[in-house]
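**Student:** what's the 3D shape of this:
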Amino acid sequence: MAAVLVWEIVVRKVDRPTAWSYDIATMTYGAHFMLCAAYTLYRHGHIRTDFLYEKWSPRLQAVVDALFYTFLFLPGMAMFFWLSWGFAYESWLFRERMFSPGRLPVYPFKAVIPVTAALLWLQGLSELVKSIQAARRGRWE
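**Tutor:** Numbers count the residues shown, from 1 in each chain. This next block holds a predicted model:
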């Protein structure tokens, strides 16, 4: 993304701007943002409201986390995958392109959506296992 933007700045000063640089920068940033979501979950970097959670014992935290992963997060990510799979598949079938002047293919970037959902589901499963272990032991590893 940075290389594309630098290229665009140089070309704009020397010759004329490209029609595709903004689209490439946007799609690569979006892909980067989405593909890093599971890693952010692994590092506990997502926003959470800790004003109650931090006062609970580690066992209660783990039980609540396990319940939320089981009944909200994992089913939500499964639905996200199911819906985004059809969205990406249809885009691949039609070889969908952007409406901007560059007419870049957008279907590879739409495929990132179900990949992101699958990675988040796998990381959520890992977090569920950690929560169950912490609930049994009464402490986080």
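**Student:** what comes into contact with stretch 8-25?
**Tutor:** The contact list for stretch 8-25 (Cβ atoms under 8 Å, 6 or more residues apart in numbering) reads 1, 4, 5, 7, 98, 100, 101, 102, 104. In this view, the C-beta of every residue, glycine as well, is placed from N, C-alpha and C.
**Student:** same question for it, mean pLDDT?
**Tutor:** Over the span of stretch 8-25, the pLDDT mean works out to 80.
**Student:** can you tell me the closest non-neighbouring residue to the residue nearest to the spatial centre of the chain?
**Tutor:** The centre of the chain sits closest to residue 34, judged by Cα atoms, centre = their mean, with a distance of 2.9 Å. Of all residues not flanking residue 34 in the chain, residue 116 sits nearest, at 4.2 Å (Cβ to Cβ, 6 or more residues apart in numbering).
**Student:** same question for residue 122.
**Tutor:** residue 38 (7.0 Å).
**Student:** pretty sure that neighbour contacts residue 119?
**Tutor:** Yes: at 3.9 Å, residue 38 counts as touching residue 119 under the criterion of Cβ atoms under 8 Å.
**Student:** quick check: buried residues in the top helix by length along the chain?
**Tutor:** Looking across the chain with DSSP state H, the single longest helix is helix 112-137. Residues 112-121, 123-124, 127-128, 130-132, 134-135 are the ones in helix 112-137 that count as buried (16 or more other Cβ atoms under 10 Å).
**Student:** picking that back up, ok, the residue nearest to residue 34 to residue 40 distance?
**Tutor:** 11 Å (Cβ to Cβ, to the nearest Å).
**Student:** for the strand or helix carrying residue 83, packing partners?
**Tutor:** Assigned by DSSP states H and E, residue 83 belongs to helix 74-94. Contact here means 3 or more Cβ pairs under 8 Å, 6 or more residues apart in numbering; DSSP states H and E; on that basis helix 74-94 packs against helix 107-110, helix 112-137.
**Student:** got the angle for it vs helix 112-137?
**Tutor:** Angle, helix 74-94 to helix 112-137, by axes from the mean of the first three to the mean of the last three Cα atoms, to 10 degrees: 160 degrees.
**Student:** residues contacting helix 74-94, please?
**Tutor:** 96, 106-107, 110-111, 113-114, 116-118, 120-121, 124-125, 128.
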